[in-house]
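Enquirer: need the 3D shape of this:
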Amino acid sequence: MKVIPAIDIQGGKCVRLLRGDFDKTTEYSDDPTSVARTFADFAVRDLHVVDLDGARTGEQQNSNAIRHITQATPVKIQLGGGIRYTSTVEHWFENGVSRCVIGSLAVQEPERVKA
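Expert: You can find the predicted model right below:
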């Protein structure tokens, strides 16, 4: 079994939603990079990062925070939230993300994500 910790980012901060409700959040940190570094210090190799604003709007809005995480840690990042285009996947692969979660794109246009 492999456990992968997660960082959900909303408004540039680490949060958790209560039952997926965007209006009911608990803020854990205003520095996602620091949280990612803490995970790296505990020898975490993989990290699941979600741009909650991107998931909600369809356009990524926490790119700077995500970029800082990829630059500041050796952790492999699995990214989700607001990834609607293959060009966005390519962008993130070129900028240090190891895997992208493409739920909406896969459901809406499955022919675009075939291996």
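Enquirer: helices of this structure, start to end?
Expert: Using DSSP state H, the helices found in the chain span residues 32-41, 52-57, 63-72, 86-94, 103-108.
Enquirer: with residue 21 as the reference, name the closest of those.
Expert: For the helices of the chain, the distance to residue 21 is smallest for helix 52-57, at 11.2 Å, taking CB to CB. In short, each C-beta sits where N, CA and C put it, glycine included.
Enquirer: distance from the chain centre to that closest one, please.
Expert: Relative to its chain's centre, helix 52-57 lies at 10 Å (CA atoms, centre = their mean, to the nearest Å).
Enquirer: who does the strand ranked longest in the chain pair up with?
Expert: If you go by DSSP state E, the chain has its longest strand at strand 21-29. The strands beside strand 21-29 in its sheet (DSSP bridges) come out as strand 13-18 (antiparallel).
Enquirer: what angle sits between the partner strand and helix 32-41?
Expert: 80 degrees (axes from the mean of the first three to the mean of the last three CA atoms, to 10 degrees).
Enquirer: centre of the chain to strand 13-18, how far?
Expert: 12 Å.
Enquirer: still on that earlier bit, what are the buried residues along the longest strand of the chain?
Expert: If you call a residue buried by 16 or more other CB atoms under 10 Å, then strand 21-29 has these buried ones: residue 25.
Enquirer: quick one: least confident helix or strand in the chain?
Expert: Each helix and strand of the chain was given a mean pLDDT (mean pLDDT, DSSP states H and E); the minimum falls on helix 103-108 at a mean of 76.
Enquirer: how about it as CSV, C-alpha atoms only?
Expert: The C-alpha atoms that make up helix 103-108 are tabulated as CSV, following Å, rounded to 0.1, in the frame of the first residue of the first chain:
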residue,chain,number,x,y,z
GLY,A,103,-11.1,14.0,-14.6
SER,A,104,-13.4,16.4,-16.5
LEU,A,105,-11.4,16.3,-19.7
ALA,A,106,-11.4,12.5,-19.7
VAL,A,107,-15.2,12.4,-19.2
GLN,A,108,-16.1,15.2,-21.6
